[in-house]
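Engineer: Please find the sequence and the predicted model below.
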Amino acid sequence: MVQKLKETIEEGVHNFKHHRIGFEPPFVFWTIVIETALILGLFTWNIVLEKPNQNRIENGLKYRYIKMKGDASAEQIATLEDIFELNRNTESIEQMREDVETYEEAVRKQAALAEQARLKEQAAKEQESKAKSIKAK
């Protein structure tokens, strides 16, 4: 038994299974081709679906710009459509975006200050009513 074990060790173990991956079988090649086509198709689909989102973002900016100006005449709307659609001017669009964001930030600050003033006025009225009640005692 020891002799048999020694012979097995000297000869090496021959029951290893070797796995090879190659392009010889046609199903491997076609699997890789189909997966690549699917990845490219999904990538293309993602790009195509991005366009409507960009339109929504631009329409939101147009709405915010009109809201900032306070009103919109037909000429102003036509000018906006010209800037965004017909003769696209990215510099004007970026400037418009900056103006709208600055305006919205100023409005937020103004609303916060108005709220603080209202709260201070309310607190002053409460203190005044407490003072009157204490004085009346």
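Structural biologist: That came through, no problem.
Engineer: Check which helices and strands the host helix or strand of residue 33 is in contact with.
Structural biologist: For residue 33, the enclosing helix or strand under DSSP states H and E is helix 26-69. Counting contacts by 3 or more Cβ pairs under 8 Å, 6 or more residues apart in numbering; DSSP states H and E, helix 26-69 packs against helix 74-81, helix 90-136. (Each C-beta comes from the backbone N, C-alpha and C, glycine too.)
Engineer: now that helix: mean pLDDT?
Structural biologist: Mean pLDDT, helix 26-69: 89.
Engineer: before we move on, what about stretch 90-108?
Structural biologist: 93.
Engineer: Can you get me a residue count around residue 89?
Structural biologist: By the criterion of other Cβ atoms under 10 Å, residue 89 has 13 neighbours.
Engineer: again with residue 62
Structural biologist: Neighbour number of residue 62 under other Cβ under 10 Å is 19.
Engineer: start the count at 58, not 1, going forward
Structural biologist: Will do, 58 is the new start, and the previous item becomes residue 119.
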